[in-house]
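>>> Structure for the following, please:
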Amino acid sequence: MKNLFFVLFVLALLAGCINVLMIEMTNYEHPNHAAAESMKKTETMEAPKYQQLIPSPNVPDDLKLIRSGQSITSQKGKLTLKSILPVNKVYLLNGIEFIINDVKIMHFKPNTSLNDFFHLYTDKNEFDFIKINVELVNSKSEKVNFSPIASLNFNSQHLIAEDDFYQENLNGDIAGGETKTGSLGFILQNPPAKINKIDITTSDVVGPKMRVMYTAKQIHLEAKNK
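You can find the predicted model right below:
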């Protein structure tokens, strides 16, 4: 009888140990699994707005062009980065946040199917242009009218808003609380080898009843290492 009690005691003890082990295994997270979950969360994090731009219907996406000489070719043509100027500055205009992310000079040889479109801006079949990536935020509750680049002076060339061939509707009304993100592109007649300085003039910020809420701002951008 004593032997029977001893056997039952040992079996109960073993059963308890197994239960504890199973609980610990249930709560244990494999390091590789944890790393995979962390990576998954990182991959789903929202990218900066200027990196979420819808590609232009007329120009290849240049997001991956980050070094001079890099090129990309698509059905739209061949695009080559010549120079880039990171800016990442915010300009405050009485409730309007005007953010300039970066400026690029690129050479573009469009597909012949796009010649009719680009001949509205130049008689050349391939050309250099300056592209400016921007973001506009209206922190006010009321609608305003604003153009981020009313005019641009670069390398002795004067350009105006109507010369912008990206046509991403960045000019005009911005509703209260609205954010606009996009690019402006201007064809250059005498492009320099690299970006030295750029002078930008915005439009006035015009509110309800044509009230000027902020007069046109002058913005000067200059490369640190010329």
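>>> from memory Gly176 sits against Lys140, does it?
Yes: counting by Cβ atoms under 8 Å, Gly176 sits close enough to Lys140 to count as a contact (5.6 Å). In this view, the C-beta of every residue, glycine as well, is placed from N, C-alpha and C.
>>> Can you list the buried residues in stretch 203-219?
Residues of stretch 203-219 classed as buried by neighbour count (16 or more other Cβ atoms under 10 Å): 203-207, 213-214, 217, 219.
>>> Closest to Lys109 out of those residues?
Proximity of those to Lys109 was ranked by Cβ to Cβ; the top entry is Ile219 with 30.6 Å.
>>> Find the least confident helix or strand in the protein, judged by mean pLDDT.
In the chain, the helix or strand scored least confidently by mean pLDDT, DSSP states H and E is helix 31-43, which has a mean of 43.
>>> For the longest strand seen in the chain, give the mean pLDDT please.
Scanning the chain for the longest strand, with DSSP state E as the assignment, gives strand 77-93. Across strand 77-93, the average pLDDT comes to 96.
>>> Within its sheet, name the partner strands of it and how each one runs.
Strand 77-93 has these partner strands in its sheet, going by DSSP bridges: strand 71-74 (antiparallel), strand 96-110 (antiparallel).
>>> For the first one, buried residues please.
Residues of strand 71-74 classed as buried: Ile72 (neighbour count, 16+ other Cβ under 10 Å).
>>> switch to numbering from 14
Happy to do that; since the first residue is 14 now, the last one works out to strand 84-87.
>>> what's in contact with that strand?
If you take Cβ atoms under 8 Å, 6 or more residues apart in numbering as the criterion, strand 84-87 is touched by 73-75, 77-78, 91-94.
>>> Equivalent analysis for stretch 128-143, please.
For stretch 128-143, contacts defined as Cβ under 8 Å, 6+ apart pick out 71, 95, 116-123, 125, 165, 167, 176, 178, 198-201, 204, 208, 211.
>>> ok, Arg80 to Ile97 distance?
In this structure, Arg80 and Ile97 are separated by 8 Å, where distance is defined by Cβ to Cβ, to the nearest Å.
>>> Neighbour count for those two, which is higher?
Looking at Arg80 and Ile97 with other Cβ atoms under 10 Å, you find the greater number of neighbours at Ile97, namely 20 against 8.
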